[in-house]
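The following comprises the amino acid sequence and a computationally predicted model.
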Amino acid sequence: MPGGRLSQQERQQIALGLADGLAYAEIGRRLDRPTSTVTREVMRNGGPTAYRAELAHRATERRAHQRRQGAPRGAEAPGPDHGRDPEAVREYEEVFTTVLMQSGLPKMMSRVLGCLYTTDAGSLTASELAQRLKVSPASVSKAIAFLESQDLVRRERDERRRERYAVDDELWYQAMMASARSNAKLVETARQGVGVLGAGTPAATRLENIARFLDFVGESLTRAAEQAREVLYTKVETPPDAAGGPSSERA
């Protein structure tokens, strides 16, 4: 399977595939590329309806040029890289951001959240976010305001009294509970419709079936989230081979 960046010819094939209504997986198979590569390429360059091969190619060259320019003067020194491949990390951040976008988050909010989640500290200042994402502080501020309103990030202050934005370990639990509450509201509204439309009518039966389905899903989701909550605070042990050798603490 070929590696590296997409060529202009491959981008043209992606555009043709989209025009033919092909799924990302099928386009990836025809290019001998992972589905995630095609998905990321399309989502970061306008989406399936606005993707243009030439524009996407120029945008990629522009981003590569910006990376080569390096961090601006005055930027803080990066933390330890733990032997990571910087290019692989950037690629993964893009994949994670794309998945967040597909889940319904706007692009800038997804980029900020993805950046925070792939930072070891789990928190960054507005300046650090702007430098890492190469966007304006205003864009970061707008994204943070949205994410805060959804309880997806929280504010804190470090030892230098700088305001930092952090992701909380409770994020996924809170997201599941919010989804369960949304389901409960839909169940209530659907059952109100049964009374309005008349029990036993086709429309009322349809709404009642929706209510029963969502009621079951909501209860299952709440129960599963409560049972799995402790997983968010479980420290995962590093396998011996992943640490470069046998663990000195093995029993």
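Cool, got the structure.

how about stretch 5-16: buried residues?
Applying a neighbour-count criterion of 16 or more other CB atoms under 10 Å, one finds L6, E10, R11, Q13, I14, A15 buried in stretch 5-16. (C-beta placed from N, C-alpha, C; glycine too.)

The fifth one in helix, strand or coil?
Going back to what we said before, that points to I14. Here I14 is recorded as helix under DSSP: H, G, I helix; E, B strand; the rest coil.

thought it was touching A53?
Yes. If you go by CB atoms under 8 Å, I14 and A53 touch, sitting 6.8 Å apart.

Name the helix or strand for the nearest residue to D158 once chain neighbours are set aside, please.
Spatially, and ignoring its direct neighbours in sequence, D158 is nearest to R164 (5.6 Å; CB to CB, 6 or more residues apart in numbering). Under the criterion of DSSP states H and E, R164 resides in strand 163-166.

downstream neighbour of that strand in the secondary structure list?
helix 171-197.

Mind listing what's buried along that next one?
Here helix 171-197 shows L171, Y173, M176, M177, A180, N183, L186, V187, A190, R191, V194, L197 as buried, counting by 16+ other CB under 10 Å.

Okay, now the unreliable bits of this structure?
1-4, 63-82, 235-251 (pLDDT under 70).

can you give me the strands for it?
123-125, 154-157, 163-166 (DSSP state E).

Show me what the second one is in contact with.
In this case it means strand 154-157. With contact meaning CB atoms under 8 Å, 6 or more residues apart in numbering, strand 154-157 is reached by S123, E148, E163, R164, Y165, A166, D168.

isn't the first one right up against D168?
No. In this structure, S123 sits apart from D168 without contact. The criterion is CB under 8 Å, and the distance is 10.0 Å.

Please determine how far the closest residue to I144 other than its chain neighbours is located from L116.
Closest residue in space to I144, ignoring its immediate chain neighbours: Y165 at 5.5 Å, by CB to CB, 6+ apart. Distance check for Y165 against L116: by CB to CB, to the nearest Å, it reads 7 Å.

Now the common contact residues for the two.
S123, L124, L129, V153.

who touches the closest residue to the first one other than its chain neighbours in this structure?
Same thing as S123. Among residues not flanking S123 along the chain, A166 sits closest, at 3.6 Å (CB to CB, 6+ apart). Counting by CB under 8 Å, 6+ apart, A166 makes contact with L116, G122, S123, V153, R154, R155, E156.

what about the helices in this protein?
8-19, 24-31, 35-43, 53-69, 86-102, 107-117, 126-133, 137-149, 171-197, 202-228 (DSSP state H).

Output those helices in TSV, with distance to T234 appended to each entry.
TSV is the format used below for the helices of the chain (distance: least, CB to CB, whole Å):
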stretch	distance to T234
helix 8-19	40
helix 24-31	33
helix 35-43	27
helix 53-69	36
helix 86-102	21
helix 107-117	17
helix 126-133	28
helix 137-149	25
helix 171-197	13
helix 202-228	10
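
who's the residue nearest to I144 bridged to?
Judged by DSSP bridges, the bridge partners of Y165 are L124, R155.

Return the residues in contact with it.
Y165 neighbours (CB under 8 Å, 6+ apart): V112, L116, S123, L124, T125, A126, L129, I144, L147, V153, R154, R155.

any idea which of those residues is closest to G46?
Using CB to CB, V112 is the member of the contacts of Y165 that sits closest to G46, with 20.0 Å.

do you know how far the closest one is from R160?
Taken as CB to CB, the span from V112 to R160 is 21 Å.

Which one's more surrounded, the two?
V112 (31 against 7; other CB atoms under 10 Å).

How about the more buried one, nearest residue that isn't a chain neighbour?
A143 (4.4 Å).
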